[in-house]
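Chemist: Sequence and predicted structure, then a few things I'm wondering about:
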Amino acid sequence: ATKAVTELPLLDCAKIMEEDPNRVALYSDKDVIECMTLFDTYEWGHVIKLENGVKVEFLDAGHILGASIVMLRGEGITLCYTGDIGPGNSPLMNPPCVPRDVDILIMESTYGNKIHEDRGKGVNRLAEICTTVLDGGGRVLIPVFAVGRAQEVLFELKRLMKAGKIPKVKVYLDTPLGWKTTELYRIYSYCLSKDLRDLFLAGKNPFEFEQLEYVKGAGRSLEIAQSEEVCIILSASGMLEGGRVLNHLPYVLGDEKSAILFVGYQAEGTLGRQILDGAKVVSLNGMEVEVKCQVYSINCFSAHADAN
């Protein structure tokens, strides 16, 4: 799964660099294809024997599809490198494996001093925000990270619509990388939680529903952006720094009935952070755009563990 998830953003980035006349491409799609041949893949729990008696084992990190904890053993010492650790409360991913008998631990601490919003409360807020905005005739734009966050939010939107907790309007996943990654969740469903695996084995896709449309073409993206349809749009990039979300942004920003709903971290210096911090006017494609829409943030969908 890690190999497949790696290939998609590398190809996506190669395409962006190739199409940008102001950027020197660091690599091409041919380089990506060649790079993929250098991968050796192993399942979780398989012990790999290296030289001089050193052994490596990968464990489920519960972060995003394929993410792994690395256990390195040699000369009587066990070193654990966690990489990114999942929060343990995602309905999609397993809780992270707990390493045992570790002598040296190298661990991420992205949210080591923070507590995430409760998942259940966050999903209830998602329902409340969507219902309020949609009933008021607006649209909800949700900037998402194409790998991980898009699938988490899609899953919850499907559950909420099925339960009748939000209006049954069209939901657009307008990120090619996002819908391609969603397909990988089906292919590598054995990496997911038992509930998700069981759904896929029963022939039920936990992400797809009647109201969902994967936006395949750039023309269709612009058509949706320029329409006044009451709908929910998930689009990348998650920090508003590029991607098709910029097609929708000027129309949503200028509409008092509509809303931007952030479901991921907004780094300092990004357009997303400016809007989240309350900017009334932002620069978009060289033009000054007034922020008239409603702005919300939900912090329950992080793929990282918190202080708890």
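Modeler: The structure has been received and is ready for your questions. Residues are numbered from 1 along each chain as shown.
Chemist: Show me the helices in the protein, by range?
Modeler: 2-19, 29-36, 119-135, 149-162, 176-187, 194-201, 218-226, 245-253, 271-276 (DSSP state H).
Chemist: The fifth one packs against which elements?
Modeler: Read it as helix 176-187. Applying 3 or more CB pairs under 8 Å, 6 or more residues apart in numbering; DSSP states H and E, one finds that helix 176-187 makes contact with helix 2-19, helix 149-162. C-beta coordinates here come from the backbone N, C-alpha and C atoms, glycine included.
Chemist: Report the buried residues of that helix.
Modeler: 176, 177, 178, 179, 180, 181, 182, 184, 185 (16 or more other CB atoms under 10 Å).
Chemist: Repeat that for the longest one.
Modeler: Applying a neighbour-count criterion of 16+ other CB under 10 Å, one finds 2, 4, 5, 6, 7, 8, 10, 11, 12, 13, 14, 15 buried in helix 2-19.
Chemist: so what's the closest residue to residue 48 other than its chain neighbours up against?
Modeler: Leaving aside its chain neighbours, residue 48 sits nearest to residue 56 (4.5 Å; criterion: CB to CB, 6 or more residues apart in numbering). Neighbour list for residue 56: 47, 48, 50, 70, 71, 72, 73 [criterion: CB atoms under 8 Å, 6 or more residues apart in numbering].
Chemist: With residue 193 instead?
Modeler: If you count contacts by CB under 8 Å, 6+ apart, residue 193 has them with 90, 91, 92, 93, 94.
Chemist: most surrounded residue in these?
Modeler: In terms of neighbours by other CB atoms under 10 Å, the contacts of residue 193 top out with residue 93 at 25 neighbours.
Chemist: Looking at per-residue confidence, what score does it get?
Modeler: pLDDT recorded at residue 93 is 96.
Chemist: ok so, going back, going by neighbour count, which of the contacts of residue 56 comes out on top?
Modeler: Neighbour-wise, the contacts of residue 56 (other CB under 10 Å) top out at residue 71, 22 neighbours.
Chemist: still on that earlier bit, gap between the residue nearest to residue 48 and residue 204?
Modeler: Per CB to CB, to the nearest Å, residue 56 is found 36 Å from residue 204.
Chemist: got it, and residue 277?
Modeler: 41 Å.
Chemist: so what's residue 17 up against?
Modeler: Contacts of residue 17 (CB under 8 Å, 6+ apart): 23, 24, 25, 26, 27.
Chemist: In this protein, which residue is most central in space?
Modeler: Centrality entry for the chain: nearest residue to the mean C-alpha point is residue 149, 2.5 Å, by CA atoms, centre = their mean.
Chemist: Let me see the backbone angles for the nearest residue to it once chain neighbours are set aside.
Modeler: Nearest non-adjacent residue to residue 149, counting by CB to CB, 6+ apart: residue 264, 5.3 Å away. Backbone torsions of residue 264, given as degrees, to the nearest 10, read phi -150, psi 170.
Chemist: Could you verify my assumption that residue 264 touches residue 142?
Modeler: No: under the criterion of CB atoms under 8 Å, residue 264 is not in contact with residue 142, lying 9.4 Å apart.
Chemist: if you count what's nearby, which of these two comes out ahead?
Modeler: Between residue 264 and residue 142, counting by other CB under 10 Å, residue 142 is the more crowded of the two (28 against 24).
Chemist: Okay, and the beta partners of that one?
Modeler: Beta-bridge partners recorded for residue 142 (DSSP bridges): residue 234.
Chemist: who touches it in this structure?
Modeler: Residue 142 touches 153, 232, 233, 234, 235, 260, 261, 262, 263, counting by CB under 8 Å, 6+ apart.
Chemist: Contacts only, for the fourth one.
Modeler: Applying CB under 8 Å, 6+ apart, we find residue 234 in contact with 142, 144, 150, 153, 154, 171, 172, 173, 174, 175, 178.
Chemist: Equivalent analysis for the last one, please.
Modeler: Taking CB under 8 Å, 6+ apart as the contact definition, residue 263 lies against 142, 143, 144, 149, 153, 238, 297, 298, 301.
Chemist: Mind jotting down where the strands sit in the stretch 201-308 of the chain?
Modeler: 212-214, 231-235, 259-262, 281-284, 287-290, 294-297 (DSSP state E, counting those that start in this stretch).
Chemist: Just flag the most distant two among the contacts of residue 193.
Modeler: Within the contacts of residue 193, 91 and 94 form the most distant pair, 10.6 Å apart (CB to CB).
Chemist: Have a look at this protein and report the helix or strand with the lowest mean pLDDT.
Modeler: In the chain, no helix or strand scores lower on mean pLDDT, DSSP states H and E than helix 2-19, which sits at a mean of 90.
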